[in-house]
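> can't give you the sequence, but here's the structure:
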């Protein structure tokens, strides 16, 4: 019985050590973890800013992009949204070739 208790104690200590070491390595090499803990007074840290808006499909690569964060091209009453500057330039280049 004592052997089992010593074994469980050793497993718990090893788990805590590995978790502590992993957290230290994560903080040293990577981005620090952010925990959103709530207390009786409310959240201790503010969550990341959320964006509102509509998502639309990029006409070049097909990726969904937020209308607030996209690169835009307005032609008359139509607005096209692109995920990156490269997709916008590729669309303009293809449109120029189509007109020629």
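Happy to help now that I have it. This structure is a prediction, so every number in the text was calculated from the model and none was measured.

> for this structure, what's the longest helix?
Ordering each helix of the chain by length in residues (DSSP state H) puts helix 2-29 first.

> any idea which element residue 81 lies in?
Here residue 81 sits within strand 78-82, counting by DSSP states H and E.

> Sheet partners, orientation included, of that strand?
Strand pairing for strand 78-82, using DSSP bridges, gives strand 71-75 (antiparallel).

> circling back: distance from the strand holding residue 81 to the middle of the chain?
Relative to its chain's centre, strand 78-82 lies at 24 Å (CA atoms, centre = their mean, to the nearest Å).

> which residues sit against it?
With CB atoms under 8 Å, 6 or more residues apart in numbering as the test, strand 78-82 has contacts from 56, 58-60, 65, 67, 70-74, 88, 91. Just so you know, the C-beta spots here come from the backbone N, C-alpha and C atoms, and that holds for glycine as well.

> go again using 10 Å as the cut-off
Here strand 78-82 makes contact (CB atoms under 10 Å, 6 or more residues apart in numbering) with 54-61, 63-74, 87-92.

> I'm done for today, thanks for sticking with me.
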